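Visitor: I would like to see how this sequence folds:
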Amino acid sequence: MNEIFNFFNQNLQMIYIVILMIFVGIELISHVPAVLHTPLMSGANAIHGVVIIGAILVMLHMEPSNKLGLAIGFVAVILGTLNVVGGFVVTDRMLDMFKTRK
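Guide: Residues are numbered from 1 along each chain as shown. Take a look at the predicted model:
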């Protein structure tokens, strides 16, 4: 229990920043019109490739004996890849809506 309190005491400013980011993110997303929500989210999902690269880099520097860390990194790579592919699929479907039909 003391380890948890020490962690919070050492990282108090970072915790405040994360809480502030959560509130700012909720405010920003709630004020986005519904018409723009899908294009913005598909673009954000496509940019999610940064998370994939970050997860791979973290896994490269992890000790082979840390099975939990490697498993979490693997899950992060899989979920990030699904997010990127989903972003491209949604963007492709949106662009198909604007093509003229013959």
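
Visitor: Now do L82 against V51, distance only.
Guide: 11 Å (CB to CB, to the nearest Å). To be clear about C-beta, it is placed using only N, CA and C from the backbone, and glycine gets the same treatment.

Visitor: okay, these two: which has more neighbours?
Guide: Per other CB atoms under 10 Å, whichever of L82 and V51 has more neighbours is V51, with 16 against 12.

Visitor: what comes up buried for stretch 18-33?
Guide: Across stretch 18-33, burial judged by 16 or more other CB atoms under 10 Å covers no residue at all.

Visitor: Only the C-alpha atoms, please, for it, written as PDB.
Guide: Listed next in PDB are the C-alpha coordinates belonging to stretch 18-33 (Å, rounded to 0.1, in the frame of the first residue of the first chain):
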ATOM      1  CA  VAL A  18      -3.900  13.300 -17.200                       C
ATOM      2  CA  ILE A  19      -7.000  14.400 -15.400                       C
ATOM      3  CA  LEU A  20      -7.000  17.800 -17.200                       C
ATOM      4  CA  MET A  21      -6.500  16.100 -20.500                       C
ATOM      5  CA  ILE A  22      -9.500  13.900 -19.900                       C
ATOM      6  CA  PHE A  23     -11.700  16.900 -19.200                       C
ATOM      7  CA  VAL A  24     -10.400  18.800 -22.200                       C
ATOM      8  CA  GLY A  25     -10.900  15.800 -24.400                       C
ATOM      9  CA  ILE A  26     -14.400  15.300 -23.300                       C
ATOM     10  CA  GLU A  27     -15.200  19.000 -23.900                       C
ATOM     11  CA  LEU A  28     -13.600  18.900 -27.400                       C
ATOM     12  CA  ILE A  29     -15.400  15.800 -28.500                       C
ATOM     13  CA  SER A  30     -18.800  16.900 -27.200                       C
ATOM     14  CA  HIS A  31     -18.600  20.100 -29.200                       C
ATOM     15  CA  VAL A  32     -17.700  18.400 -32.500                       C
ATOM     16  CA  PRO A  33     -20.800  18.400 -34.900                       C
END
